[in-house]
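>>> generate coordinates for the sequence data below:
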Amino acid sequence: MTADIKNGKGDADSLFVTEVSKPQPKDTEALIKVKAFGLNRMDLLQREGNYPVPPQAPKILGVEFSGTIESFGKTPESGFKIGDEVFGLAYGGISTRFQRAKESLLNPDYRSVRGVYRGVNAHAYP
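Numbers count the residues shown, from 1 in each chain. So this is what the prediction gives:
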């Protein structure tokens with residue numbers, strides 16, 4: 001699986017692309033097949049070493065995403081089902097093709113619910 005990963009602190013030249021293993025969802029998490037993700041000011045500051053991140057945050061950038069639910073952890077807690085299109089937040093690592101996310105941080109993707117696109121994506125996977 002491909003990911004954009006920060007290589008310590010620095011400017012855009014410190015980023016590189018590498019392979020990472022596909023994550024597995026934990027208890028109340030869902031595994032999302034990421035369709036699009038965004039990098040925002042926080043990500044850029046994090047890359048430069050000017051934004052403190054939580055200890056559990058990975059070195060892979062990105063916190064916002066949209067995609068499709070592929071699977072759930074052992075104890076699903078929401079009304080979502082496999083195949084639902086969602087958008088949401090995670091603690092980082094969104095620039096990968098698959099991402100674990102707490103179900104409580106997921107929202108229905110309104111493009112599929114209402115047929116209206118409500119956002120700008122910095123990157124979209126084919």
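
>>> any idea how far stretch 74-91 is from the chain center?
How far stretch 74-91 lies from its chain's middle: 12 Å, per C-alpha atoms, centre = their mean, to the nearest Å.

>>> so for that stretch, what gets flagged as buried?
Pro76, Phe80, Asp84, Glu85, Val86, Phe87, Gly88, Ala90, Tyr91 (16 or more other C-beta atoms under 10 Å). In short, each C-beta sits where N, CA and C put it, glycine included.

>>> pLDDT at the fourth one, what is it?
With respect to pLDDT, Glu85 has a value of 91.

>>> that one and Ala36, how far apart?
Noted for Glu85: a distance of 11 Å to Ala36, by C-beta to C-beta, to the nearest Å.

>>> anything in contact with each of the two?
Residues touching both Glu85 and Ala36 (C-beta atoms under 8 Å, 6 or more residues apart in numbering): Ser66, Gly67.

>>> the longest helix along the chain: what's the following helix or strand?
As assigned by DSSP state H, the longest helix anywhere in the chain is helix 41-47. Sequence order places strand 64-72 as the next helix or strand after helix 41-47, per DSSP states H and E.

>>> so what strands line up beside that following strand?
Sheet partners assigned to strand 64-72 using DSSP bridges are listed as strand 29-38 (antiparallel), strand 85-89 (antiparallel).

>>> identify whichever of these lies nearest to Ser71.
Among the strands paired with strand 64-72, strand 29-38 comes nearest to Ser71, with 4.6 Å by C-beta to C-beta.

>>> now the closest one, how far from the centre of its chain.
On C-alpha atoms, centre = their mean, the centre of strand 29-38 falls 5 Å from the chain's centre.

>>> quick check: buried residues in it?
Those would be Glu29, Ala30, Leu31, Ile32, Val34, Lys35, Ala36, Phe37, Gly38, for strand 29-38 by 16+ other C-beta under 10 Å.
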